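Enquirer: requesting a structural model of the entry that follows:
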Amino acid sequence: MTVETADSPSLSLSFDETRTRVVLRAAETHRGELVQLVGRFRTGGQLGPLAAAVDLDDLLAAVAEVAAWSDPSGVEWATDLRSLVLGNLRDAATVESRLNAVGPTGEVLAGDVPHLLGDEWIAELGEFQRRDIAKLLSLQHGANFSVPGAGKTRSALGVYAAQKTLGHVRRLLVVCPKSAYESWQYETAVCFRHRLRPHVLDRSLDEWAEVLIVNYERLDRSLTTLAAWLKAEPAMIILDEAHRMKLGARGTYGAACMALGPLAQRRLILTGTPAPNGSKDLENLLGFVWPGQGQRSVARAVAGGDLAEASVALKPLFARTTKLELGLPPMELRMRYLDMPPLHADIYSSLVGDPDSRGSSDDLSSLGKTALRLLMAATSPALLLDGGSRYEPLAYQLPPLEIPRGHSLYALMQRLPSYELSPKYQETAAIVAENARLGRKTIVWTTFVRSLTTLSQLLDGFAPAVVYGGTLDRDEQLRRFREDSDCKVLISNPATLGEGISLHQVCHDAVYVDRDFVAGRFLQSLDRIHRLGLDPDTETRVTVLAVRDTIDEVVEARLDQKLEFMGKILDDPSVQQLSDLQEEPSVAAGLAPADVEALLRHMGRAR
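Expert: Numbering: from 1, shown residues only. Now for the predicted structure:
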């Protein structure tokens, strides 16, 4: 039995174990008032007669509700939560002043940046990098949405250097994909007179490390270690490729990031694709940067439906360097529509018309599997008969399609000869062969590992490099593609190689055998061959293959809408242009499978 005293709090607030929710506990005499208070929060819920919980973002967005508690002197905040709330109120004032351009903003000028970086900084910075650093230093926390190749890593380290010089922080936590480890280790060495001490978190922790690097997959099981590390010294946290936590607290990565964010003195996110699926993604990203205030700002900006106005309203909250500002040569994008052979078309139609294959319209998981099977069928019906590889992302690990012997689809699949090439594979082979004849290398993107391995056999005459989740010698495969003149093609999927590497020095042609609905991955993969450092005369060519009257057209329409939204919200015409691919005729549509195979054999001998 709890005995209340005159000094007992009437209301206490603290983090729960996930640090993404706040637990409220009331004295018995305030039981009714607690129920009323929690009812005013969108995510509020009772845990018991005297306890309730509210999402952290929800509490921060409406903290004034707590201020209306009838016994204000009896409200007790946990120390770490109180610090976050006070900091968030200051951040909210900063955000509001920038959004409304009212009062002094404490603006840092690009010309001030070299002095602010301190004596230890020795790296060169481009004009747009100095501009972006200045903007980020003008904010308590920040977001850099610059395109890949704009030097976001170096700019982020510049922000850290300035904050360290000012005495605000002493250490840096970097959360990034494994593919970005090399970049962060390199930049921490070359940007400073005395190299920062980096450490990639594995099974042990270097207690002397100044820069701790960890991947998103490891976050959840390392929360205790990372939280203790952030608390030990004033720290800054950077989320690189931050779109990976776009689900916010609803996702595993997002929940871990939201739990760690409040422990850092400075928060910074980096991504070139901040809203791959719409405004909710952007809300969640800015909700990490400015809990409560960030989500409110995005929701308010897009509520009117005018994305041009929303872009103007939100622009003060982030830095962005566009491709147009980088001065890259244009990228030539083409859409090639293909027709399925009659048997392929019959199989596809049978799959679409079969209720058992379609799944329930109320079951998102079932619909997702149906969409993936239709993507397979549009590429090559033979893919339906193979089981998912364990090296494919979880969402793509489909079992083979079980077809009852008496089903009409069963008879059609029996007539599908194993050697019959899909029109997409024919077209891909023709493009790779022509590029090889011209001395050009090609990267071929395909969603499924089964499709990837099929293409690697088909294109064997061009010494293909192959990279997917199960590739053990990834670095060697990439080295061959970059350095071996016989290796004319790299085959991969955007989920594996869509970010973190540069291929623009050796490759200027890309073919998309298929695409899924993930707009961010499509954009990221495009930037592997179109980024800073290209010769002004470089001709970069991208071909997207699609089969008429199939799910490919649905994917195209949805990606168009997502890219148009992202381009408008970021005020970036180069992104908007990607949603309007120019159609061009196919080159292999008239070739029979035997013709393609003969051409490939000939090209292999002619090398």
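Enquirer: what sits closest to residue 380 if chain neighbours are left out?
Expert: Residue nearest to residue 380 in three dimensions, not counting chain neighbours: residue 422, with 3.9 Å by Cβ to Cβ, 6 or more residues apart in numbering. Just so you know, the C-beta spots here come from the backbone N, C-alpha and C atoms, and that holds for glycine as well.
Enquirer: verify the contact between the one you found and residue 344 for me.
Expert: Yes: judged on Cβ atoms under 8 Å, residue 422 makes contact with residue 344 at a distance of 6.8 Å.
Enquirer: find residues that contact each of those two.
Expert: In terms of Cβ atoms under 8 Å, 6 or more residues apart in numbering, residue 422 and residue 344 are both contacted by the residues residue 381.
Enquirer: just the helices from the stretch 251-400 of the chain, written as ranges.
Expert: With DSSP state H, counting those that start in this stretch applied, the stretch 251-400 of the chain shows helices at 252-260, 279-289, 293-302, 307-314, 323-326, 342-353, 355-358, 364-379, listed in chain order.
Enquirer: what packs against the first one?
Expert: With contacts defined as 3 or more Cβ pairs under 8 Å, 6 or more residues apart in numbering; DSSP states H and E, the secondary structure elements packing on helix 252-260 are helix 216-219, helix 223-232, helix 279-289.
Enquirer: elements contacting the first one?
Expert: This means helix 216-219. Using 3+ Cβ pairs under 8 Å, 6+ apart as the test, helix 216-219 ends up in contact with helix 252-260.
Enquirer: tilt between the helix it packs on and helix 223-232?
Expert: On the basis of axes from the mean of the first three to the mean of the last three Cα atoms, to 10 degrees, helix 252-260 is oriented at 30 degrees to helix 223-232.
Enquirer: can I get the CA coordinates of helix 252-260 in PDB?
Expert: C-alpha atoms of helix 252-260 as PDB (Å, rounded to 0.1, in the frame of the first residue of the first chain):
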ATOM      1  CA  THR A 252      12.300  -1.300 -35.600                       C
ATOM      2  CA  TYR A 253      14.900   1.000 -36.900                       C
ATOM      3  CA  GLY A 254      12.800   4.100 -36.200                       C
ATOM      4  CA  ALA A 255      11.900   3.100 -32.700                       C
ATOM      5  CA  ALA A 256      15.600   2.600 -31.800                       C
ATOM      6  CA  CYS A 257      16.500   6.000 -33.400                       C
ATOM      7  CA  MET A 258      13.700   7.800 -31.600                       C
ATOM      8  CA  ALA A 259      14.900   6.200 -28.300                       C
ATOM      9  CA  LEU A 260      18.500   7.400 -28.800                       C
END
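Enquirer: quick one: buried residues of it?
Expert: Buried positions in helix 252-260, judged by neighbour count with 16 or more other Cβ atoms under 10 Å: 253-260.
Enquirer: ok, and what's touching it?
Expert: Contacts for helix 252-260 (Cβ under 8 Å, 6+ apart): 18-20, 56-57, 173, 175, 216, 219-220, 223, 226-227, 230, 237, 239, 244-249, 284, 287-288, 291.
Enquirer: give me the buried entries from those.
Expert: By neighbour count, with 16+ other Cβ under 10 Å, the contacts of helix 252-260 hold 19-20, 56-57, 173, 175, 216, 219, 223, 226-227, 230, 237, 239, 244-246, 248-249, 284, 287-288, 291 as buried.
Enquirer: find the centremost residue of this structure, please.
Expert: residue 243 (3.2 Å; Cα atoms, centre = their mean).
Enquirer: pLDDT score for the residue nearest to that residue when sequence neighbours are not counted?
Expert: Excluding its sequence neighbours, the residue lying closest to residue 243 (Cβ to Cβ, 6+ apart) is residue 271, at 4.6 Å. Note for residue 271: predicted pLDDT of 93.
Enquirer: do you know how far the residue nearest to residue 380 is from residue 37?
Expert: 61 Å (Cβ to Cβ, to the nearest Å).
Enquirer: so where's the stretch 1-150 of the chain uncertain?
Expert: 1-6, 101-106 (pLDDT under 70).
Enquirer: try it again at 80.
Expert: Low-confidence segments of the stretch 1-150 of the chain (pLDDT under 80): 1-7, 88, 91-106, 149.
Enquirer: and for the stretch 301-450 of the chain?
Expert: For the stretch 301-450 of the chain, the ranges with pLDDT under 80 are 304-306, 353-369, 385-421.
Enquirer: nearest residue to residue 242 in space, please, no chain neighbours.
Expert: residue 269 (3.8 Å).
Enquirer: an error on my part: the question was meant for residue 314.
Expert: Leaving aside its sequence neighbours, residue 314 sits nearest to residue 301 (Cβ to Cβ, 6+ apart; 5.1 Å).
Enquirer: what of residue 59?
Expert: Nearest one to residue 59, counting by Cβ to Cβ, 6+ apart, is residue 22 at 4.9 Å.
Enquirer: remind me which helix or strand that neighbour belongs to.
Expert: strand 21-26 (DSSP states H and E).
Enquirer: got the contact list for that strand?
Expert: 10-16, 33-34, 37-38, 47, 50-56, 59, 81.
Enquirer: now the buried members of those.
Expert: Buried by 16+ other Cβ under 10 Å: 10-13, 15, 33-34, 37-38, 50, 52-56, 59, 81, out of the contacts of strand 21-26.
Enquirer: among those residues, which are located in strands?
Expert: 11-13, 15, 52-55 (DSSP state E).
Enquirer: got JSON lines for these, with distance to residue 349 too?
Expert: As requested, those are exported to JSON lines (distance: Cβ to Cβ, whole Å):
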{"residue": "11", "distance to residue 349": "63"}
{"residue": "12", "distance to residue 349": "63"}
{"residue": "13", "distance to residue 349": "59"}
{"residue": "15", "distance to residue 349": "55"}
{"residue": "52", "distance to residue 349": "54"}
{"residue": "53", "distance to residue 349": "51"}
{"residue": "54", "distance to residue 349": "51"}
{"residue": "55", "distance to residue 349": "46"}
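Enquirer: of the residues you listed, closest to residue 321?
Expert: Nearest to residue 321 among these: residue 55, at 33.6 Å, using Cβ to Cβ.
Enquirer: now the nearest residue to the closest one once chain neighbours are set aside. Its backbone dihedrals?
Expert: With sequence-adjacent residues excluded and distances taken as Cβ to Cβ, 6+ apart, residue 55 is closest to residue 43, at 4.0 Å. Dihedral pair for residue 43: phi -100, psi 10, per degrees, to the nearest 10.
Enquirer: gap between residue 43 and residue 275?
Expert: Counting by Cβ to Cβ - residue 43 and residue 275 are separated by 23 Å.
Enquirer: now residue 492
Expert: Per Cβ to Cβ, residue 492 is found 25 Å from residue 275.
Enquirer: ok, now residue 547?
Expert: 29 Å.
Enquirer: among these two, which residue is more densely surrounded?
Expert: Between residue 547 and residue 275, counting by other Cβ atoms under 10 Å, residue 275 is the more crowded of the two (27 against 22).
Enquirer: residue ranges of each domain in the protein, please.
Expert: Per automatic domain parsing, the domain ranges recorded for the chain read 11-77, 89-321, 331-337+419-606.
Enquirer: nearest to residue 381 among those would be which one?
Expert: Per Cβ to Cβ, nearest to residue 381 of those: domain 331-337+419-606, 7.8 Å.
Enquirer: mind checking how far that closest one is from the chain centre?
Expert: Averaging C-alpha positions (Cα atoms, centre = their mean, to the nearest Å) puts domain 331-337+419-606 20 Å from its chain's average.
Enquirer: repeat for stretch 182-197
Expert: Distance, centroid of stretch 182-197 to centroid of chain: 24 Å (Cα atoms, centre = their mean).
Enquirer: one more: stretch 204-211?
Expert: Worked out by Cα atoms, centre = their mean, stretch 204-211 lies 27 Å from the chain centre.
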